[in-house]
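Engineer: quick one, structure for this:
(one chain, ligands or ions: 1)
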Amino acid sequence: MTVLRLYPPPQRKMPLHGLYLALRLHRRSQAGGLLIYANYIASLDGRISLPDAHGEQGVPATLANKRDWRLYQELAAQSDIMLTSARYFRQLARGKAQDLLPVGREKEYADLAAWRLDEGLQAQPDVAILSRSLDIPQAALEAVGDRKVLVLTGRDADVRDIERLTLPGVRVLQNEQFELDGAGIRSMLAAEGYRSAYMIAGPEVHRTLLCGGLDLLFLTQRHRLLGGNDFSSIMQGQLESSVDMELQSLYLDEQALLHERGGQCFACYAVMPGV
Ligand SMILES: NC(=O)c1ccc[n+]([C@@H]2O[C@H](COP(=O)([O-])OP(=O)(O)OC[C@H]3O[C@@H](n4cnc5c(N)ncnc54)[C@H](OP(=O)(O)O)[C@@H]3O)[C@@H](O)[C@H]2O)c1
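Structural biologist: Below is the predicted model of the structure:
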């Protein structure tokens with residue numbers, strides 16, 4: 001299974017397996033620092049989420065595919081902690097969300113589980129959940145009871161809600177600011193000793209992180225138009241100012257071109273500091 005590297009030059013065929021693992025994201029932060037990276041798969045018309053036949057928002061089945069999922073897993077394998085949203089946990093509790101959090105326990109990802117142990121990482125990354133409402137069902141939290149869970153929220157969170165969530169293995173961390181912001185999230189997680197954090201939530205968490213809380217964006221763009229009006233894209237809501245991104249790498253997924261119509265590209269961008 002190969003992909004064609006389009007950037008940086010020269011063009012070169014490379015194996016898909018190991019493509020993102022070679023980045024060694026867990027070793028890239030400066031001493032005491034934290035590397036935060038996000039990952040999306042989007043259609044050519046920018047959809048990351050559409051309602052299914054029951055009206056439940058999720059990654060469209062026409063978008064998801066195994067080659068992208070391999071890279072999703074390679075990114076997860078390099079993380080000390082995965083960042084997600086309370087909304088995802090509410091969906092999970094209703095049995096309406098894909099279980100995204102463990103580094104794949106299937107046979108095809110056994111190499112990644114072994115790789116984590118070789119690299120001195122824990123078997124599974126810890127979990128951080130962003131929430132304002134602190135409405136996070138206990139049943140969903142129990143699903144990740146085998147690791148540390150941090151709930152990140154703003155300074156004005158209700159004390160009773162915090163107490164309700166303080167279960168074994170779960171801690172609520174409050175930002176110094178009223179609202180959660182990227183810089184606050186970075187400093188809370190760095191203070192906990194994390195060196196690599198993988199953000200797998202939707203557009204609101206992405207917007208929250210962009211101010212000082214995101215270093216790299218991995219974006220798979222499937223060469224397919226999906227349409228639909230009730231959708232999420234990788235970014236929604238107001239940004240204080242536009243954010244420039246610098247292309248780090250771009251791969252054409254040739255295997256997808258051979259076996260499926262259209263194909264896809266795998267891109268990685270670095271978030272550039274504001275001017
Ligand atoms: N295609 C892809 O690659 C991809 C990737 C990720 C997600 N998705 C899809 O995108 C859709 C949306 O995902 P999502 O629900 O994770 O989206 P999201 O819009 O990023 O998360 C929303 C929730 O996160 C919490 N949150 C966000 N920003 C916050 C802040 N500044 N402070 C405190 N809490 C904050 C809030 O929780 P409370 O409501 O508890 O306050 C909010 O309800 C889903 O359908 C998902 O399947 C697709």
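Engineer: what does the protein have sitting close to the ligand?
Structural biologist: Taking C-beta under 6 Å from any ligand atom as the contact definition, the chain meets the ligand at 40-41, 48-49, 57-59, 85-88, 130-133, 135, 153, 179-180, 200-205, 208, 232. Every residue, glycine included, has its C-beta placed from N, CA and C.
Engineer: now a ChimeraX select for only the buried ones of these.
Structural biologist: This is the ChimeraX syntax for the buried subset of the residues of the chain next to the ligand, where burial follows 16 or more other C-beta atoms under 10 Å:
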select :40,41,48,49,57,58,59,85,86,87,88,130,131,153,180,200,201,202,203,204,205,208,232
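Engineer: shouldn't L71 be in contact with S249?
Structural biologist: No. Between L71 and S249 no contact is recorded; they are 11.5 Å apart, counting by C-beta atoms under 8 Å.
Engineer: which of these two has more neighbours?
Structural biologist: L71 (23 against 16; other C-beta atoms under 10 Å).
Engineer: how close does the residue in the stretch 101-250 of the chain that the ligand sits nearest to get to E74?
Structural biologist: When distances are taken as C-beta to the nearest ligand atom, the stretch 101-250 of the chain reaches nearest to the ligand at G202, 2.4 Å away. To E74, G202 is 21 Å away according to C-beta to C-beta, to the nearest Å.
Engineer: if we can go back for a sec, okay, the residue of the stretch 101-250 of the chain closest to the ligand: pLDDT?
Structural biologist: G202 is assigned 97 on the pLDDT scale.
Engineer: and it, what does it touch?
Structural biologist: Contact partners of G202, counting by C-beta atoms under 8 Å, 6 or more residues apart in numbering, are I48, S49, S85, R87, Y88, S232.
Engineer: doesn't L189 belong to a helix?
Structural biologist: Yes. Assessed by DSSP: H, G, I helix; E, B strand; the rest coil, L189 belongs to a helix.
Engineer: how many residues are close by it?
Structural biologist: L189: 24 surrounding residues under other C-beta under 10 Å.
Engineer: does it touch D126 like I think?
Structural biologist: No. Look at L189 against D126 with C-beta under 8 Å: they stay out of range, at 9.5 Å.
Engineer: any regions of the stretch 1-150 of the chain where pLDDT drops low?
Structural biologist: The model of the stretch 1-150 of the chain has no residue with pLDDT under 70.
Engineer: quick one, helices of it?
Structural biologist: Remark: helices of the stretch 1-150 of the chain, listed N- to C-terminal, are 66-77, 86-93, 110-118, 138-142; assignment by DSSP state H, counting those that start in this stretch.
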